[in-house]
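J.: quick one: sequence plus predicted model below, questions after.
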Amino acid sequence: MTPGPRNLITDIDGLKVGNAQDAMLKSGCTVVTADTPFVASVHVMGGAPGTRETDLLAPDKSVSEVDALVLSGGSAYGLDACSGVVDGLRKQGRGFRVGSAIVPIVPGAILFDLLNGGRKDWTDNPYPALGRAALATASADFALGSVGAGTGALTAMLKGGLGSASLQLEDGTMVGALVAANPLGSVTTPGDRFFYAAPYEIGNEFGGLGPDPATGQGRDLTSRKRELVAASTNTTLAIVATDARLTKAQCHRMSVAAHDGIARACVPAHSPGDGDLVFALSTGAQPVADAGLVGHAAALCLTRAIGRAVFEATREPGDLMPSWQTLNG
């Protein structure tokens, strides 16, 4: 397995990603869409999720395809980014048709970034406009780091961010991951130089430093973030994708398998205060592949995407935590 030409989730033909953010707000949102609807499912392992329309993605529910997926900052306010995407898709004539009505299907999930140093004294909720703006920018090429849903993300000790990675299987099947990394846990070992994800890195995706040579790499949960945010509420939000033709049930298994990618890159993961969640989607462009191998590749991509998210984060005025680049660049 080797990375695709972009090493992004958009190495899957037809997928597009759009980001929108507000520097003063220190928040934003990210949209994944395509020219045609796609099959999707989801699995939640965090104890504090914030979601919209995820029940529709259960294998036994009647909706078979969705028009877009949204990852957003803003906690509960950020769920309205989905409304902005719905508005934009409706103007494009996209959505589920019922008689003369058209209803875009846009599940989404949010992370908590309300106490990250950004201005949150808005009068009108800014997230619907951010959702519309993110959809308008959707393309095959997009930035990583402190953009979109990763704009104001934090980890236990460093800035979080938006990350992505891809792998092509030997049979040509493409698999990719996109993540907004805002975990309660740490993505770096003590000293904040080496990544827990390092054994899975390909090339120099996040510095090429290799694994930490030290042992005993657990971290005291009384972290710097706990001091800054007394009631820590966090989340790692991810989307994994493939062009293999999968059913909704197979997409669900793919999302379950991909959670291993979070656990490899974040310590601890899936805590009571995290909203850890993985969407999985299939564009169905390629013949049925080995679903188990696709899930394994999705987990590998997600691990690498988390490392890239933190590695690519940039220092901004008013940050509460340093970026990895600030400490190690």
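T.: That came in fine, so what should we check first? Numbering: from 1, shown residues only.

J.: nearest residue to Gly28 in space, please, no chain neighbours.
T.: Spatial nearest neighbour of Gly28, excluding adjacent residues (CB to CB, 6 or more residues apart in numbering): Gln21 at 2.9 Å. All C-beta spots, glycine's among them, are computed from the backbone N, C-alpha and C.

J.: again, but for Gly84
T.: Gly131 (2.7 Å).

J.: and what of Pro183?
T.: Spatially, and ignoring its direct neighbours in sequence, Pro183 is nearest to Cys266 (4.3 Å; CB to CB, 6+ apart).

J.: mind pulling up the pLDDT for that neighbour?
T.: If you check Cys266, the pLDDT there is 93.

J.: lowest-confidence helix or strand of this structure?
T.: Ranked by mean pLDDT, DSSP states H and E, the weakest helix or strand in the chain is helix 224-228, scoring a mean of 49.

J.: what mean pLDDT does the next helix or strand after that one get?
T.: Downstream of helix 224-228, the next assigned helix or strand under DSSP states H and E is strand 235-244. Averaged across strand 235-244, the pLDDT comes to 96.

J.: would you list every one of the helices in the chain?
T.: In the chain, helices defined by DSSP state H lie at 75-78, 80-91, 127-136, 224-228, 248-265, 291-312, 324-328, listed in chain order.

J.: where does pLDDT dip in the stretch 101-250 of the chain?
T.: In the prediction, the stretch 101-250 of the chain carries residues with pLDDT under 70 at positions 215-233.

J.: now do 90
T.: 101, 115, 117-118, 120, 156-157, 190-191, 209, 211-235 (pLDDT under 90).

J.: who does the residue minimising distance to the centre of the chain bridge with?
T.: The centroid of the chain falls nearest to Val179 when counting by CA atoms, centre = their mean (2.3 Å). Listed by DSSP bridges, the beta-bridge partners for Val179 are Gly163, Ala238.

J.: measure it to Asp274 for me?
T.: Going from Val179 to Asp274 by CB to CB, to the nearest Å gives 13 Å.

J.: can you list residues touching both of these two?
T.: Thr236 (CB atoms under 8 Å, 6 or more residues apart in numbering).

J.: coming back round to it: for the helices of the chain, which one sits closest to Val147?
T.: helix 291-312 (8.8 Å; CB to CB).

J.: report the inter-axis angle for the closest one versus helix 248-265.
T.: 40 degrees (axes from the mean of the first three to the mean of the last three CA atoms, to 10 degrees).

J.: relative to the whole chain's centre, how far out is helix 291-312?
T.: Helix 291-312 sits 11 Å away from the centroid of its parent chain (CA atoms, centre = their mean, to the nearest Å).

J.: ditto for stretch 189-201
T.: That offset, for stretch 189-201, works out to 19 Å (CA atoms, centre = their mean).

J.: again, but for stretch 153-166
T.: Using CA atoms, centre = their mean, the offset of stretch 153-166 from its chain centre is 9 Å.

J.: next, the distance between the ends of that stretch.
T.: Start and end residues of stretch 153-166 are separated by 22 Å (CA to CA, to the nearest Å).

J.: what do you get for stretch 180-197?
T.: 15 Å.

J.: please apply the same query to stretch 108-115.
T.: From start residue to end residue, stretch 108-115 stretches across 21 Å - CA to CA.

J.: who touches that stretch?
T.: For stretch 108-115, the external contacting residues (CB under 8 Å, 6+ apart) are 26-27, 49-54, 69-76, 78-79, 81-82, 85, 120, 149, 151-154, 180, 182, 228-229, 233-237, 275, 277, 279.

J.: just the buried residues from those, in ChimeraX please.
T.: The following ChimeraX line selects those of the contacts of stretch 108-115 that are buried, judged by 16 or more other CB atoms under 10 Å:
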select :26,27,49,50,51,52,53,54,69,70,71,72,73,74,75,78,79,81,82,85,120,149,151,152,153,154,180,182,229,233,234,235,236,237,275,277,279
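
J.: contact partners for Pro183?
T.: 155-156, 160, 234-236, 262, 266, 269, 274, 276.

J.: my bad, Pro272
T.: Taking CB under 8 Å, 6+ apart, one finds 47-48 in contact with Pro272.
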